[in-house]
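Engineer: what's the 3D shape of this:
(one chain, ligands or ions: 3)
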Amino acid sequence: MITLSNERPGETKSPERPDLALPVGTTLDRYILHRQSAFRYATGELSQLLRDIALASKIIHREINRAGLMDITGSAGSGNIQGETQQKLDVVANIRFIRALKNGGEVCAIISEEDDDIIHTGNSQAKYVVAIDPLDGSSNIDVNVSIGTIFSIYRRVSPVGTEATEADFLQGGRQQIAAGYILYGSSTLLVFTTGSGVSGFTYDISLGEYILSHADLRQPEAGFIFSCNDGNVDDYPVSVQRYLFRCKQQRLTGRYIGSLVADFHRNLIKGGIYLYPPTLKAPAGKLRLLYECYPMAFIAEQAGGKATNGLQPILDIVPVSLHQRSVLYIGSRTMVEEV
Ligand SMILES: O=P(O)(O)OC[C@H]1O[C@](O)(COP(=O)(O)O)[C@@H](O)[C@@H]1O
Ligand SMILES: [Mg+2]
Ligand SMILES: [Mg+2]
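Structural biologist: Ligands and ions are numbered 1, 2, ... in the order given. Now for the predicted structure:
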């Protein structure tokens, strides 16, 4: 059935989910305003913070699109606390996000994959802290494959007016106020949650606006896709090797882009599981708890999926350090339960 209105077939208007009353095509600004009443502590600061992140992502979108013309491809010749060589775009994205969050005034401190220590923004009166992976999927930057940005937002626990501390970032995954990612793919998409469902916005370059394109995203309970780096399979725990063997026996489809945001998003839409088990090189897992695992787990759970480290839900892991790593199994509920 073709519908001419903005309404999607079968879309119902639900009173407790006011955003579901918003038609596809709504701008991000209007969506945030409309939802503000559903935000905890709704004083507009979080709304502004989400707008600041959206603005920074539009700038990154532009930089990524013309990276090949601007000589911002390749290595930056510097390393980060992870022991990784930073790509030029890692550094550019990091600078752009930090600047946007500083100028926005709603964030008092930031931790980033690309910086060892806490970045104090000078906005000591601000109430929020942000953990960020400015560019996710760095190994795909120079080969024009989808990459992303991941963010996680907390309300500070240190008193307003003082300098933020590690405690503001080590509150635990269930204390996230909001989390999301931007996928720089065939289109640029902002997906986020504030704790009552997940929605996606497509960047319309001609309007310079993010437009609601995926209202109330739900992850299929089961799926037919498994995503992992098959090159490491001999390192994986026997139980995981057995699970992958069963996936192949059942003729499930192996898909691995090598960008967490892109692999996660595909599996969110189609159903599937992403696995980054322990390896010899990364026995505690490769992905970072605060700015990769927690935010993706918050979105997964809000969309009806699951995220675990094999022992407990990712959101229940008690954090001990800013850049700690974790094993990650995330995606469709029945598949994660099977693992
Ligand atoms: O190359 P590998 O070992 O398969 O790892 C790929 C994974 O590492 C990451 O690139 C890590 O993220 P960064 O690119 O932000 O460092 C994930 O996006 C991706 O899923
Ligand atoms: Mg990453
Ligand atoms: Mg990164």
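Engineer: you'd agree residue 216 is up against residue 200?
Structural biologist: No: here residue 216 does not reach residue 200: they are 9.6 Å apart, not a contact under Cβ atoms under 8 Å. Glycine gets a C-beta too; all of them are placed from N, C-alpha and C.
Engineer: neighbour-wise, which of those two wins?
Structural biologist: residue 200 (22 against 17; other Cβ atoms under 10 Å).
Engineer: how about the one helix or strand the more buried one maps to: buried residues?
Structural biologist: In the assignment (DSSP states H and E), residue 200 maps to strand 198-204. Going by neighbour count (16 or more other Cβ atoms under 10 Å), the buried part of strand 198-204 is 198, 199, 200, 201, 202, 203.
Engineer: Now do the same for the second one: its pLDDT.
Structural biologist: Per-residue pLDDT puts residue 199 at 96.
Engineer: now it, which residues is it bridged with?
Structural biologist: Judged by DSSP bridges, the bridge partners of residue 199 are residue 192.
Engineer: Look up how far ligand 1 lies from it.
Structural biologist: Counting by Cβ to the nearest ligand atom, to the nearest Å, the gap between residue 199 and ligand 1 amounts to 22 Å.
Engineer: In contact with that residue, which residues are there?
Structural biologist: Contacts for residue 199 (Cβ atoms under 8 Å, 6 or more residues apart in numbering) come out as 19, 31, 191, 192, 193, 212, 214, 215, 216, 217.
Engineer: Name the SS class of the second one, please.
Structural biologist: At residue 31 the chain is in helix, as set by DSSP: H, G, I helix; E, B strand; the rest coil.
Engineer: my read: it touches residue 212, true?
Structural biologist: Yes: assessed by Cβ under 8 Å, residue 31 is found in contact with residue 212 at 5.5 Å.
Engineer: Next, show the common contact partners of those two.
Structural biologist: By Cβ under 8 Å, 6+ apart, the residues touching both residue 31 and residue 212 are 22, 199, 201.
Engineer: in stretch 159-172, what's buried?
Structural biologist: 164, 168, 169, 170, 171.
Engineer: what about it, start to end distance?
Structural biologist: Its first and final residues considered, stretch 159-172 spans 18 Å by Cα to Cα, to the nearest Å.
Engineer: same check, this time on stretch 211-219
Structural biologist: 21 Å.
Engineer: how about the residues of this protein that lie near ligand 2?
Structural biologist: 133, 136 (Cβ under 5 Å from the ion).
Engineer: Give me the below-cutoff pLDDT ranges for the chain.
Structural biologist: Low-confidence segments of the chain, defined by pLDDT under 70: 1-21, 36-42.
Engineer: what's next to the strand or helix carrying residue 92, contact-wise?
Structural biologist: Here residue 92, judged by DSSP H and E, is contained in helix 88-104. Residues outside helix 88-104 that contact it (Cβ under 8 Å, 6+ apart) are 48-49, 51-53, 55-56, 59-60, 63-64, 67, 71-76, 78, 80, 107, 110, 112-115, 119, 121-123, 130, 132, 134-135, 138, 141, 149.
Engineer: one more time with 6 Å, if that's ok
Structural biologist: Helix 88-104 is contacted by residues 52, 55-56, 59-60, 63, 72, 74, 76, 107, 110, 112, 114, 119, 121, 132, 134-135, 138, 141 when judged by Cβ atoms under 6 Å, 6 or more residues apart in numbering.
Engineer: re the thing from before, right, and out of the contacts of residue 199, which lies closest to ligand 2?
Structural biologist: Set against ligand 2, the nearest of the contacts of residue 199 by Cβ to the ion is residue 191 (15.3 Å).
Engineer: any chance you could map the strands in the stretch 51-200 of the chain?
Structural biologist: 75-79, 85-87, 107-112, 119-120, 128-136, 147-155, 178-184, 188-193, 198-204 (DSSP state E, counting those that start in this stretch).
Engineer: So the lengthiest helix in the chain, near ligand 1 or not?
Structural biologist: Ranked by residue count, the top helix of the chain under DSSP state H comes out as helix 45-65. No: judged by Cβ under 6 Å from any ligand atom, helix 45-65 makes no contact with ligand 1; its nearest approach is 13.3 Å.
Engineer: Offset the numbering so it begins at 761, please.
Structural biologist: Understood, numbering begins at 761; the last thing we discussed is helix 805-825.
Engineer: Please name the residues that touch residue 1056.
Structural biologist: So residue 1056 contacts 1024, 1090 (Cβ under 6 Å, 6+ apart).
Engineer: Now with 7 Å, please.
Structural biologist: 910, 1020, 1024, 1067, 1090 (Cβ atoms under 7 Å, 6 or more residues apart in numbering).
Engineer: Residue 939 now?
Structural biologist: Counting by Cβ under 7 Å, 6+ apart, residue 939 has contacts 911, 912, 913, 952, 953, 1055, 1058, 1059.
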